[in-house]
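Enquirer: Need a 3D model of the following:
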Amino acid sequence: MKYKYLFGPVPSRRLGISLGVDLVPHKTCSLNCIYCECGKTTNLTNIRKEYYPIDEIIKELDSFLKNNQQLDYITFSGGGEPTLNNKLGEIVKFLKKNYPQYKTALLTNSTLLYDKKLHNEIIDINIVLPSLDAVFNKSFNLINRPCNSIKNKKVIKSLINFSKKYKGKIWIEIFIVPGINNSDNELKLFKKILYKINPDLIQLNSLDRPGTEKTTKKATYDELNRIKNLLYPLPVEIIANFNSNTRTVFEKNNIENKILSLLERRPCTVEDLVNISGLNINEINKFLKLLIDNNKILLSNQKRGIFYLINK
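Expert: Residues are numbered from 1 along each chain as shown. Below is the predicted model of the structure:
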């Protein structure tokens, strides 16, 4: 079966082997972050609705999971903000009832956590990974570029309130953009707010793939380590690159579609694709050449290497 709403399983830097579930069309989001590896937001909104048919998503999940797949997590993520789909709670209930052996995770930008109905929809998810990139309003607007109705103060307050109600694990991601959100003053305020949220883990991230804006800078390891030390004794880790021992295997008869499915959601290097697929570099290069010749993918030269991305 060819899947429209599922992608992977892929090795995640944070969640091991993860099956991704797309709940909204590509780049439907409440933010237009300057670092987003999925590209610019084309539908900037905070309106919740059934963007994709819930029945079709459940049908795909049932088809995939009934074969007893080896997964660490089923992850609601993809190329937009998953909590914008107002049927998220129905998918969570379906998985909990029919496939309780699988853990679930939610990657969210935190902007809709003011919605008490959403709290009830995601209360049974095993781990929520919200992002919080700024505490100063100026930094928030520069990095996250929200739709007009979203204010940073409300996002922070909602995240604090949600953390008091939610019983699962919370891993907060802070994406560091040098020159914008890494000043000592902002980091000191970050620390106070993080104590109020009391997450199980704080993950420091920075640019790894091409971002939306070419001027976005990557933080050095030394800078991330400085921030980690400043936030001590809070539980902080620096997110590393892909673990080369964490692999999945592509179906031999579906490699081209698998590559396209991944690149539709985020750019990858050859090395990324090798680690994800379990294939050797010669096999991957063969398919990449075919996709380039057919004008389906493009190249982008970045500091970390050559990235392949979908030709839209």
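Enquirer: I310 against L263, yeah?
Expert: Yes. Under the criterion of C-beta atoms under 8 Å, I310 makes contact with L263 at 4.7 Å. To be clear about C-beta, it is placed using only N, CA and C from the backbone, and glycine gets the same treatment.
Enquirer: which of these two has more neighbours?
Expert: Counted by other C-beta atoms under 10 Å, I310 and L263 do not tie: L263 has more neighbours, with 22 against 19.
Enquirer: what sits against the more buried one?
Expert: Taking C-beta atoms under 8 Å, 6 or more residues apart in numbering, we find L263 in contact with I297, Y308, L309, I310.
Enquirer: Report the rounded mean pLDDT for whichever strand or helix holds it.
Expert: Using DSSP states H and E, L263 maps to helix 255-265. For helix 255-265, mean pLDDT rounds to 77.
Enquirer: what is in contact with I310 and L263 at once?
Expert: With C-beta under 8 Å, 6+ apart as the test, I310 and L263 both reach I297.
Enquirer: where does the stretch 101-250 of the chain have low pLDDT?
Expert: Low-confidence segments of the stretch 101-250 of the chain (pLDDT under 70): 209-211, 240-250.
Enquirer: before we move on, the earlier item: report the distance from the helix holding L263 to the chain centre.
Expert: Here helix 255-265 shows a centroid-to-chain-centroid distance of 17 Å under the convention C-alpha atoms, centre = their mean, to the nearest Å.
Enquirer: again with stretch 162-177
Expert: Taking the mean of its C-alpha atoms, stretch 162-177 sits 13 Å from the chain's own mean (C-alpha atoms, centre = their mean).
Enquirer: now swap in stretch 72-81 and tell me
Expert: The answer for stretch 72-81 is 6 Å, by C-alpha atoms, centre = their mean.
Enquirer: What of stretch 151-163?
Expert: Mean-position distance between stretch 151-163 and its chain equals 19 Å (C-alpha atoms, centre = their mean).
Enquirer: can you check stretch 129-138 too?
Expert: 15 Å.
Enquirer: List the buried residues for that stretch?
Expert: Buried residues in stretch 129-138, counted by 16 or more other C-beta atoms under 10 Å: L129, P130, S131, L132, D133, A134, V135, F136.
Enquirer: What of stretch 212-223?
Expert: So stretch 212-223, judged by 16+ other C-beta under 10 Å, has buried residues T212, T216, K218, A219.
Enquirer: Reformat those as CSV; add distance to V270 and secondary structure.
Expert: Below are those laid out as CSV (distance: C-beta to C-beta, whole Å; DSSP: H, G, I helix; E, B strand; the rest coil):
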residue, distance to V270, secondary structure
T212, 23, coil
T216, 23, coil
K218, 20, coil
A219, 24, coil
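Enquirer: Next, count neighbours for the closest residue to A134 other than its chain neighbours.
Expert: Residue nearest to A134 in three dimensions, not counting chain neighbours: F140, with 4.0 Å by C-beta to C-beta, 6 or more residues apart in numbering. Per other C-beta under 10 Å, the neighbour tally for F140 reads 23.
Enquirer: cool, N295 as well?
Expert: The number of residues near N295, taken as other C-beta under 10 Å, comes to 8.
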